[in-house]
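# this one's sequence-less:
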């Protein structure tokens with residue numbers, strides 16, 4: 001109890017101190033810019049939001065963070081429990097002092113951008129409202145006229161390679177009769193056409209060769225657009241005109257540090273820029289992507305130098321990156337019942353182990369749990385090794401024009417010692433991984449094998465398992481042989497993103513179907529399961545979908561709101577009546593329901609299974625939603641306020657057992673667990689350390705499920721987590 005009081009006090013004090021230290025006091029005659037608003041008239045469906053970036057002074061953004069959970073918990077502060085009753089504190093940034101001259105600059109900026117979008121003669125005026133020492137600015141926009149394009153006159157250089165090539169693709173021109181005239185549309189067309197022509201060999205062609213002229217004199221309601229490509233740029237004169245030529249690759253040279261030990265054959269095969277071929281910008285980008293994907297080079301520079309009238313030399317310069325090193329990760333948690341857990345991990349990597357861009361990764365993990373003043377403990381040790389080769393075996397490099405998938409081979413061993421049992425797991429897999437444009441990432445494993453052996457089962461634990469055959473079948477020797485995949489898409493692949501982003505992840509496993517084809521050749525055990533070497537094989541399907549979105553905003557992107565939805569389910573069939581335990585879902589922990597320690601929640605409304613001395617709750621299905629508000633405090637320290645809801649459930653059980661843990665729509669509402677909490681993070685850029693305190697709000701395992709604020713920091717109602725990286 002004292003630990004919980006101390007932690008929440010420190011978190012609150014830190015937030016309060018930060019908000020006080022970062023809030024600048026307004027001077028006499030100064031006003032705070034409280035809000036900018038844009039009102040648009042003249043077009044019903046116009047999106048006013050796309051004009052906001054052109055306002056020169058942004059208004060204050062902050063969170064009013066207030067609550068009254070403490071009641072008598074902090075009665076030590078004044079002896080009467082009233083010291084925190086009215087705790088309300090703004091957490092944000094210093095006030096934005098209103099500057100009137102920036103309003104005029106904003107009007108000019110908005111007017112210019114509207115003209116760029118094709119709204120000519122738009123009117124923008126400001127309306128200033130002052131309330132006390134706060135200023136509210138409204139920009140009233142009256143959209144100007146839009147001019148449709150009545151006709152397009154296309155003029156190209158005299159007949160030759162360029163004109164012939166351009167005319168083959170006029171259907172791709174993005175400007176059409178009837179479209180509204182705008183500089184934005186014209187610029188988009190020049191970018192498209194210039195890129196297209198560079199990919200056809202016209203190496204030095206760019207958007208400066210385009211000239212546009214709109215004639216509105218002959219018609220009041222439309223414009224005649226003259227679309228011209230000259231043989232000189234906008235910065236030159238007609239006297240400097242010269243034919244726009246198609247270029248060919250002459251010499252190609254690859255340069256890399258002499259102390260880098262790498263097989264040159266790999267570099268030559270990854271390079272797609274070939275002497276004698278027509279210059280193509282996409283081919284250049286493809287070579288850049290293929291060489292960068294090795295992760296052996298910190299930078300890849302591809303330069304072109306004109307060597308003749310229609311030839312260019314290519315110089316590929318490679319700079320070596322750090323080839324090997326160690327990574328350390330640590331997570332820890334402690335709850336009010338005295339259970340403490342710590343999960344260290346250390347990994348060694350080498351990105352060029354066989355001098356051909358092969359990656360070696362060795363990882364050692366541990367998971368240790370112990371109860372204070374008790375001999376009860378759980379230990380887990382694991383070691384894994386993986387090799388990743390820069391090719392899609394057995395296909396050669398020439399089958400891929402862009403980035404090449406990698407071939408992965410891995411093996412691991414895991415040892416778990418708990419009071420109830422000892423388990424050994426050997427795993428191996430073979431598959432492929434890669435990405436498309438650094439947005440879509442995939443891992444596909446055609447072959448996955450897990451061998452699980454249990455020993456030293458506690459007698460009481462066995463008695464409890466025998467009451468539920470489905471649970472009993474989850475705790476037996478078995479092996480899985482099947483396939484799996486992980487598909488991931490994100491709009492921002494940075495380690496610690498600085499812009500708003502969305503992501504989704506789908507994980508899928510299926511096992512046993514191939515082996516089931518040989519059932520007639522196999523013997524059976526007493527339970528009727530087909531066995532190989534006296535061990536049954538598992539047959540199941542399992543999938544998990546994650547959707548996440550993070551909005552980053554505020555001054556210097558100092559605030560964000562992150563949300564995540566996780567849904568997963570697994571089902572055993574054929575040779576199995578229950579999912580293998582290692583394929584079960586669980587909740588709680590530093591990255592899940594933070595009011596609970598890992599594996600201490602669910603399934604459904606079930607209480608903790610007392611046959612496990614250390615919590616080990618699991619289920620066949622999971623549904624969870626997390627939300628978190630993050631804000632910069634000072635230096636590299638960030639704060640967070642979060643809420644988590646969800647649970648795990650079983651999908652089937654023995655009929656005689658109550659159904660409190662089984663998923664049903666009838667019991668769905670009352671089986672949802674909920675928590676909230678606050679945290680502090682140290683963001684070093686390359687590494688983020690965090691401490692989160694989660695407090696239970698709704699505990700479905702209790703008859704009195706709702707936890708009132710006065711109980712949040714009492715024994716059994718909160719958990720403290722230490723972690724590396726954001727929880728999601």
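Right, received. Where do you want to start? All of these numbers come straight from a predicted model, not from anything done at the bench.
# Give me the residue at the spatial middle of the protein.
residue 503 (4.9 Å; C-alpha atoms, centre = their mean).
# List the contacts of that one.
Contact partners of residue 503, counting by C-beta atoms under 8 Å, 6 or more residues apart in numbering, are 488, 489, 490, 491, 546, 547, 548, 549. Where C-beta positions appear, they are placed from N, C-alpha and C, glycine not excepted.
# Try it again at 6 Å.
By C-beta atoms under 6 Å, 6 or more residues apart in numbering, the contact set of residue 503 is 490, 548.
# So it: helix, strand or coil?
Classification of residue 503 using DSSP: H, G, I helix; E, B strand; the rest coil returns strand.
# Distance-wise, check it relative to residue 585.
20 Å (C-beta to C-beta, to the nearest Å).
# Show me the shaky parts of this protein.
1-25, 60-94, 336-337, 468-471, 653-658 (pLDDT under 70).
# Please enumerate the helices of it.
In the chain, the helices defined using DSSP state H lie at 2-22, 100-116, 161-167, 183-198, 264-270, 281-292, 459-465, 469-474, 513-516.
# Throw those helices into TSV and include distance to residue 662 and mean neighbour count, thanks.
Listed next are those as TSV, based on distance: least, C-beta to C-beta, whole Å; neighbours: other C-beta atoms under 10 Å:
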stretch	distance to residue 662	mean neighbour count
helix 2-22	33	15
helix 100-116	58	16
helix 161-167	67	16
helix 183-198	56	17
helix 264-270	54	16
helix 281-292	49	18
helix 459-465	18	14
helix 469-474	10	19
helix 513-516	26	16
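# Of those, which is nearest residue 232?
Closest of the helices of the chain to residue 232 is helix 161-167, at 13.1 Å (criterion: C-beta to C-beta).
# How far off centre is that closest one?
The gap between the average C-alpha position of helix 161-167 and the chain average comes to 43 Å, counting by C-alpha atoms, centre = their mean, to the nearest Å.
# which helices and strands sit right next to it?
If contacts are counted by 3 or more C-beta pairs under 6 Å, 6 or more residues apart in numbering; DSSP states H and E, helix 161-167 sits against no helix or strand.
# Specify the stretch among the helices of the chain that is closest to residue 568.
The nearest among those, by C-beta to C-beta, is helix 469-474 at 16.3 Å.
# Let me have the helices of the chain in TSV, adding distance to residue 645 as columns.
Shown next, in TSV, are the helices of the chain (distance: least, C-beta to C-beta, whole Å):
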stretch	distance to residue 645
helix 2-22	21
helix 100-116	41
helix 161-167	58
helix 183-198	43
helix 264-270	48
helix 281-292	41
helix 459-465	30
helix 469-474	26
helix 513-516	35
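# Quick one, which of the ones you listed gets closest to residue 623.
helix 469-474 (20.0 Å).
# The nearest residue to residue 412 once chain neighbours are set aside: how many residues sit nearby?
Distances taken as C-beta to C-beta, 6 or more residues apart in numbering place residue 384 nearest to residue 412, at 3.6 Å, with adjacent residues excluded. By the measure other C-beta atoms under 10 Å, the count of residues near residue 384 is 16.
# Could you do residue 35 as well?
If you count neighbours by other C-beta under 10 Å, residue 35 ends up with 14.
# quick one: it and residue 59 touch, right?
Yes - counting by C-beta atoms under 6 Å, residue 35 touches residue 59, with 5.0 Å between them.
# Which residues are in contact with residue 559?
553, 631.
# That one and residue 435, how far apart?
30 Å.
# what does residue 476 give?
Taking C-beta to C-beta, one finds residue 476 at 39 Å from residue 435.
# cool, residue 384 as well?
Taken as C-beta to C-beta, the span from residue 384 to residue 435 is 22 Å.
# swap in residue 364?
Where residue 435 is concerned, residue 364 sits at a distance of 27 Å (C-beta to C-beta).
# For residue 28, grab the count of nearby residues.
4.
# Phi and psi next, for it.
With angles defined as degrees, to the nearest 10, residue 28 sits at phi -60, psi 130.
# correct me, but residue 126 touches residue 103?
Yes - with contacts counted by C-beta under 6 Å, residue 126 reaches residue 103, the gap being 5.1 Å.
# In contact with residue 513, which residues?
So residue 513 contacts nothing (C-beta under 6 Å, 6+ apart).
# For it, give its distance to residue 576.
Residue 513 is 12 Å from residue 576, by C-beta to C-beta.
# repeat for residue 637
In terms of C-beta to C-beta, residue 637 sits 49 Å off from residue 576.
# Likewise for residue 358?
37 Å.
# likewise residue 641?
For residue 641, the distance to residue 576 - C-beta to C-beta - is 43 Å.
# just residue 609 next, same as before
As judged by C-beta to C-beta, residue 609 and residue 576 stand 21 Å apart.
# Show me which of these two is the more surrounded one.
residue 576 (21 against 16).
# how much space between that one and residue 728?
From residue 576 to residue 728 the distance is 31 Å (C-beta to C-beta).
# what does residue 306 give?
For residue 306, the distance to residue 728 equals 50 Å [C-beta to C-beta].
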